[in-house]
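Peer 1: can't give you the sequence, but here's the structure:
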């Protein structure tokens, strides 16, 4: 009695290519921070307590993990997991907000270093473009929005609690001792929270639209080709 060994469906070349791009993007962030931190240490200006307090740095370091994990998944399996897709959706929104806020409110006339251009321009553009173009992702839930918003809300709370003892705030709009006081802080925090929720919602909505499009195409609605379930 013979047995038939199920064939192993290979990982598509396009997915492996995109996984390679993720790895390159993650390694580029590492290179940018090596340059930045080496320069600061040599100049004696590196302050760990301040460096790691910036939301930009926290999300950028996290992007290294997200991108390297994305590269690993792309090279080892045909589809991302729902958990990874949920996390990635949030970090796409974080990167976009960090890029827009920095370039619109915080960038100085001479702030065009390698690190700044990588973390505030190149990576946000890459993550957003990838989210739009790479449509073969599993459907994620709307709870992604609340998961995503919880991190910046907690970060703001910790920053405001820590600020008086440290006598320092990472961004001017979070400083209640500034000209606009707590009212200004409340306005900025409320506005940015709404933007976070709105952008993460947009990521989920796009994910759902892409999933519906796949469901209308027979080859992608069948489990026979190794694709993930439509729901």
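Peer 2: Arrived safely, thanks for sending. These numbers come from a predicted model, not from an experiment.

Peer 1: All the helices of this protein, in order from the start?
Peer 2: 13-43, 48-51, 55-76, 82-101, 114-117, 123-133, 143-166, 181-215, 218-221 (DSSP state H).

Peer 1: Please render those helices as TSV that adds mean pLDDT and mean neighbour count to the earlier fields.
Peer 2: Glycine gets a C-beta too; all of them are placed from N, C-alpha and C. As requested, the helices of the chain are exported to TSV (pLDDT from 0 to 100; neighbours: other C-beta atoms under 10 Å):
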stretch	mean pLDDT	mean neighbour count
helix 13-43	95	15
helix 48-51	93	12
helix 55-76	95	19
helix 82-101	93	22
helix 114-117	90	16
helix 123-133	95	18
helix 143-166	93	15
helix 181-215	91	16
helix 218-221	48	11
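
Peer 1: can those go into TSV with extra columns for distance to residue 108?
Peer 2: What follows is the helices of the chain, written out as TSV (distance: least, C-beta to C-beta, whole Å):
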stretch	distance to residue 108
helix 13-43	15
helix 48-51	17
helix 55-76	14
helix 82-101	14
helix 114-117	10
helix 123-133	18
helix 143-166	21
helix 181-215	19
helix 218-221	47
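
Peer 1: Identify whichever of those lies nearest to residue 173.
Peer 2: helix 181-215 (4.1 Å; C-beta to C-beta).

Peer 1: now the angle between helix 55-76 and that closest one, please.
Peer 2: 10 degrees (axes from the mean of the first three to the mean of the last three C-alpha atoms, to 10 degrees).

Peer 1: Now do the contacts for the residue positioned nearest the centre of the chain.
Peer 2: Note on the chain: the residue nearest the mean C-alpha position is residue 91, at 2.0 Å, using C-alpha atoms, centre = their mean. For residue 91, the contacting residues are 59, 62, 63, 66, 127, by C-beta atoms under 8 Å, 6 or more residues apart in numbering.

Peer 1: 10 Å instead, please
Peer 2: Shown in contact with residue 91 (C-beta atoms under 10 Å, 6 or more residues apart in numbering): 59-60, 62-63, 65-67, 70, 98, 123, 127, 131, 148, 151, 200, 203.

Peer 1: next one: residue 112
Peer 2: 120, 121.
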